[in-house]
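Engineer: Sequence and predicted model, in that order:
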Amino acid sequence: MSLAGLSFNALPPIRLPFRFFITAPIFILLCTGLIAYSGPDLWLGRWQPPMLALVHGFTLGFLTMVMLGALLQLLPVIAGIGIPHPELLAPLTHGLLSVGTLMLLWGFLQFHSSFILAAMWLIAIGLGIYISALFWVLIKHISQGDSLLGFRLAISSLLVVVLLGLALLGRYLGIEWIPPSKHLTNVHALWGLVGWAGILIIAVSYQVIPMFHVAPSFPLIVRRFLTPLIFIGLLLSIALPSYSLPALSLLQGLFALVLLLVIHRRKRKVPDTSIRYWQLGASALLLTSVLFFIPEGIWNEYLDIDKTLLLTALFMYLYLMSIIEGMLLKILPFLSYTHLQQRCLIDFTAMQYIPNMHEFFDKRHGQWLFYSHVISGLILIWVLFQPSYYFIFAIALVLESTGLLVIMLKTMKLYFAVDKKISQAAKDRVEPPTASFKNT
Amino acid sequence: MTSIPDYMTAKHRECDEVFSLAESNAAAGDWLLAAKNWQAFKDELLTHFGQEEETLFPAFEQATGMTNGPTHVMRMEHQQMRALLQDIDQAMKGQDKNTYLGLSETLMVMMQQHNMKEEMMLYPMMAQHLSQGEDIIESFKA
Ligand SMILES: [Fe+2]
Ligand SMILES: [Fe+2]
């Protein structure tokens, strides 16, 4: 651990994470259009091209988009340094990933090889830049903490997802890097959902839940071994899926239980929507891992639905998306406040212009969004059983993503208004900053 | 003997707990109990700031020669939190629940991002650079 380069207030400009965040609900809106346009056939199986497009719109356009934006701000706090040249790299990755994802969706829908090829290049370069920058940070990091190991494993998983994804796409173009197999597609999906998204969420939860909700720390044995074991399980899934899947499911269920327990034992019980998102997510994760152990034979006897499809939907929509949406609600006002507060380190009197957290983000809006997510999640499960009601899901999704978009825009608008006020006050002020510091 | 990171981190947690008590009291409208716990929280937090500003930070600055680095930022953030404490005092006096909860959420955010930087970077560095760290902690306990 070295002292060089340690700068506590070196947060990258706030418009960089904002740019990632604001794109996310727009991709959900796009997904909604796809759901409305594709009709009930979309839900018949996992291998339909519109379903591939939908899943990638959601995972790349929403989940990955938010996670990359959040990492931009989390790393300076958790690792002590941020990614190098954020002003250049972040917009570049954001642009390449956004356009690349659009091309990919279009390529899937139209079987258009030139779009697929373009998507491969754009996504490979966009995510490649970001992954390299993240690895650089995690090698040079100057802090200590249990979350760092999880971050390393999550980012390594992302690398695997991208490489495997590229190889699978190559097959569309007749490039046979890998043999044709649905197994490798499953491995790709597993590394994305359980590795990249799942491990990152676990690592973040170790940090966020005890600190912001005054809960006990996660048990040491969990913090040490859970994420490496999941990673080993993912490695094994390549060669021995029949052993590794139950193990992974067990580990996920274990995490869900510990998470619920830690949340339950929190000391700060003031009503908070983001904790309800965590509880919803943990419950959905627990349900997913319990359902996994129902034998296929019994499942098919009682349930008229593809098991993998239902479990994946539960995991993606009611676990991953719940946590990510809940974190967005926390991170937006948090970032806005922290950025403005850091500005006021130099000009102490300007603190008076900064709104409090509830002014940055109206609690009722958060509750509204939470209920709309619960409802849209339940409708999604219903549509999996009754695909002809797909349109109701599309409507619920439009309402939810528009709500999220509006909440974000309101917070951002307030941020920039206050930011301007502080700059104006600095211009108007005649005394040197040291004098005003003494006055307060 | 307790190390700097262990002792100071435990103090952060203790502050958080009393803070949460006062917050739940205020949310429930029990202003009498809220005022008592709020005072206890303030006392504990200000003692902690004092230990950092008067003992630990100077020792670290002396050992590393970094006077304008992280400790400078930490001191300024302490000032900002002291100002927030005063705002919350006002809300407490006026029994203004909404303002109190809005400001306490704000203080929580500021405290946690501050504590995170200390716990993950500054305290471990202190443990590394201050040979008399455990003696300092003993003097805090006395
Ligand atoms: Fe401090
Ligand atoms: Fe401290």
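Structural biologist: Thanks, I have it. Ligands and ions are numbered 1, 2, ... in the order given.
Engineer: how near is the residue nearest the centre of chain B to chain A?
Structural biologist: Geometric centre of chain B, nearest residue: residue B:45, 4.4 Å, by CA atoms, centre = their mean. Per CB to the nearest CB, to the nearest Å, residue B:45 is found 14 Å from chain A. Using the backbone N, CA and C atoms, a C-beta is placed for each residue, glycine as well.
Engineer: ok, that residue touching residue B:16?
Structural biologist: No: the criterion here is CB atoms under 8 Å, and residue B:45 misses it with residue B:16 at 9.9 Å.
Engineer: Could you give the residue of chain B that lies closest to chain A?
Structural biologist: Chain B approaches chain A most closely through residue B:102 (3.5 Å), counting by CB to the nearest CB.
Engineer: quick one: contacts for that residue?
Structural biologist: Residue B:102 is in contact with A:356, A:357, A:358, A:359, counting by CB atoms under 8 Å, 6 or more residues apart in numbering or on different chains.
Engineer: And what about the third one, helix, strand or coil?
Structural biologist: To tie it back to what came earlier, the one meant is residue A:358. Classification of residue A:358 by DSSP: H, G, I helix; E, B strand; the rest coil places it in helix.
Engineer: That one touches residue B:109, doesn't it?
Structural biologist: No: Residue A:358 is beyond contact range of residue B:109, at 11.3 Å (criterion: CB under 8 Å).
Engineer: out of those two, which sits in the busier spot?
Structural biologist: Each of residue A:358 and residue B:109 has its neighbours counted (other CB atoms under 10 Å in any protein chain shown); residue B:109 has more, 21 against 17.
Engineer: Please give the element, helix or strand, for that one.
Structural biologist: For residue B:109, the host element (DSSP states H and E) is helix B:97-117.
Engineer: Check whether that helix comes into contact with ligand 1.
Structural biologist: No: figure legend: helix B:97-117 not in contact with ligand 1 (CB under 5 Å from the ion); closest approach 5.7 Å.
Engineer: Now that helix: average pLDDT?
Structural biologist: Mean pLDDT, helix B:97-117: 91.
Engineer: And for residue B:54, the neighbour number?
Structural biologist: The number of residues packed near residue B:54 is 10, by other CB under 10 Å.
Engineer: Does chain A have contacts with the helix or strand of chain B with the lowest mean pLDDT?
Structural biologist: Least confident element among the helices and strands of chain B, by mean pLDDT, DSSP states H and E: helix B:133-141 (a mean of 88). No: using CB under 8 Å from any CB of the partner chain, helix B:133-141 stays clear of chain A, coming no nearer than 15.3 Å.
Engineer: got the contact list for that helix?
Structural biologist: Helix B:133-141 has contacts (CB under 8 Å, 6+ apart) with B:1, B:2, B:3, B:4, B:7, B:51, B:55, B:56, B:59, B:126, B:127, B:130.
Engineer: ok, the first one - how many residues close by?
Structural biologist: Translated: residue B:1. Residues near residue B:1, counting by other CB under 10 Å: 9.
Engineer: From ligand 1, how far off is it?
Structural biologist: Relative to ligand 1, residue B:1 is positioned 22 Å away (CB to the ion, to the nearest Å).
Engineer: Just say helix, strand or coil for that residue.
Structural biologist: With three-state DSSP as the basis, residue B:1 sits in coil.
Engineer: can you pull the contacts of it?
Structural biologist: Neighbouring residues of residue B:1 by CB under 8 Å, 6+ apart: B:134, B:137, B:138.
Engineer: And it, how far from residue A:302?
Structural biologist: In this view, residue B:1 and residue A:302 are 62 Å apart by CB to CB, to the nearest Å.
Engineer: now do the last one
Structural biologist: The gap separating residue B:130 from residue A:302 is 65 Å, by CB to CB.
Engineer: which one of the two has more residues nearby?
Structural biologist: Higher neighbour count among residue B:130 and residue A:302: residue B:130, with 18 against 7, using other CB under 10 Å.
Engineer: To which secondary structure element type does residue A:346 belong?
Structural biologist: Per three-state DSSP, residue A:346 ends up coil.
Engineer: Now do the phi/psi pair for it.
Structural biologist: With angles defined as degrees, to the nearest 10, residue A:346 sits at phi -80, psi -40.
Engineer: try residue B:73
Structural biologist: phi -60, psi -40.
Engineer: still on that earlier bit, please point out which parts of the least confident helix or strand of chain B sit buried.
Structural biologist: By 16 or more other CB atoms under 10 Å in any protein chain shown, the buried positions in helix B:133-141 come out as B:133, B:134, B:136, B:137, B:140.
Engineer: Kindly report the same for stretch A:105-120.
Structural biologist: Result for stretch A:105-120 [16+ other CB under 10 Å]: buried residues A:105, A:107, A:108, A:109, A:115, A:116, A:117, A:118, A:119, A:120.
Engineer: quick one: the helices in chain B?
Structural biologist: Ranges of helices in chain B, per DSSP state H, are B:4-27, B:31-51, B:57-64, B:70-93, B:97-117, B:123-129, B:133-141.
Engineer: The shortest one and chain A, any residue contact?
Structural biologist: Spelled out, that is helix B:123-129. Yes: counting by CB under 8 Å from any CB, contacts between helix B:123-129 and chain A involve B:124, B:125, B:128.
Engineer: what about the second one, how many neighbours?
Structural biologist: Counted with other CB under 10 Å, the burial measure for residue B:125 works out to 24 neighbours.
Engineer: Out of the helices and strands in chain A, which is least certain?
Structural biologist: Within chain A, no helix or strand scores below helix A:433-439, which has a mean of 44 by mean pLDDT, DSSP H and E.
Engineer: What residues does residue 106 make contact with?
Structural biologist: Just going to use chain A. Each residue near residue A:106 by CB under 8 Å, 6+ apart is listed here: A:112, A:115.
Engineer: Correction: the question concerned chain B.
Structural biologist: Contacts for residue B:106 were tallied using CB under 8 Å, 6+ apart; they are A:337, A:356, A:357, B:84.
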